[in-house]
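Visitor: I'd like to go over a predicted model; first the sequence, then the structure.
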Amino acid sequence: MTEQGAIGAPGPRVAVVRLSASGTAAVVRAGDPTIAQARDLAEAFRAAGRTAILIVPGLDARLARLSLPPRNRSAFLSALPFAVEDRVAGPAESIAVAAAAPERDGTLVVAVASRTLLDGWRRSAAEAGTRLRAVLAEPLCLPASPTGWTVLFADGVATVRCDPAQELRQAVGVAGKAER
């Protein structure tokens, strides 16, 4: 992603909440090196405080790379849900799409999530008195490697980030399923 698409460092009063694929959550508060474990998202938001960045599993927020047409970009951007509709299960009205700033080569990285899930995350934060500064797909939190893949194994799921030209998210159930 370009610098324009980055949200920067969390800031002195912003907590980071990571939702796991199993529904548990972890909280890291600014200035505190400990990681607080929470049974669920509501508990994590209560521990987070006033402002948080939420990191969600890639299964819940898929990434896609689209080519922007050279003309009428604003119309294309307003129609993003329809541009990714064929990549998700459900109609365009049921999804939320967030886009990073366009890349130099004219491509655009978008995150696609169920509107129901996104509304639930926002509601959970609001009920705990926490303002969400951003919601990030977990693969975007892994370092990009121009020559290979970066993989995080957690909660029986492999989160993968690969060459930016082939960015993807794959979830693989690894607990007890890997054959050697």
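Guide: That came in fine, so what should we check first?

Visitor: Buried ones in stretch 115-129, by neighbour count?
Guide: 118, 121, 124, 125, 128 (16 or more other CB atoms under 10 Å). From N, CA and C alone the C-beta is placed, and that goes for glycine too.

Visitor: okay if I get these as TSV plus distance to residue 63, pLDDT and secondary structure?
Guide: Listed next are the buried residues of stretch 115-129 as TSV, based on distance: CB to CB, whole Å; pLDDT from 0 to 100; DSSP: H, G, I helix; E, B strand; the rest coil:
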residue	distance to residue 63	pLDDT	secondary structure
118	15	91	helix
121	17	93	helix
124	23	94	helix
125	22	95	helix
128	27	94	coil
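
Visitor: of all those, which comes closest to residue 56?
Guide: residue 121 (7.0 Å; CB to CB).

Visitor: Give me the three-state assignment for residue 66.
Guide: In three-state terms, and counting by DSSP: H, G, I helix; E, B strand; the rest coil, residue 66 is strand.

Visitor: Apologies, that question was intended for residue 33.
Guide: The local conformation at residue 33, judged by three-state DSSP, is coil.

Visitor: and if you look at residue 135?
Guide: Under three-state DSSP, residue 135 falls in the strand class.

Visitor: wait, doesn't it sit right on residue 61?
Guide: Yes - counting by CB atoms under 8 Å, residue 61 is a contact partner of residue 135 at 7.2 Å.

Visitor: joint contacts of the two?
Guide: Overlap of the contact sets of residue 135 and residue 61 (by CB atoms under 8 Å, 6 or more residues apart in numbering) consists of residue 113.

Visitor: so residue 30 touches residue 50, yeah?
Guide: No - using CB under 8 Å, residue 30 is not in contact with residue 50; the gap is 11.1 Å.

Visitor: which neighbours do these two share?
Guide: Each of residue 13 lies in contact with both residue 30 and residue 50 under the rule CB under 8 Å, 6+ apart.

Visitor: Need phi/psi at residue 117.
Guide: Main-chain torsions, residue 117, degrees, to the nearest 10: phi -60, psi -50.

Visitor: before we move on, what about residue 45?
Guide: phi -70, psi -40.

Visitor: Just the helices from this structure, written as ranges.
Guide: 41-48, 73-78, 80-83, 115-127 (DSSP state H).

Visitor: between those, which one is nearest to residue 34?
Guide: Among those, helix 41-48 sits nearest to residue 34 (CB to CB), with 11.0 Å.
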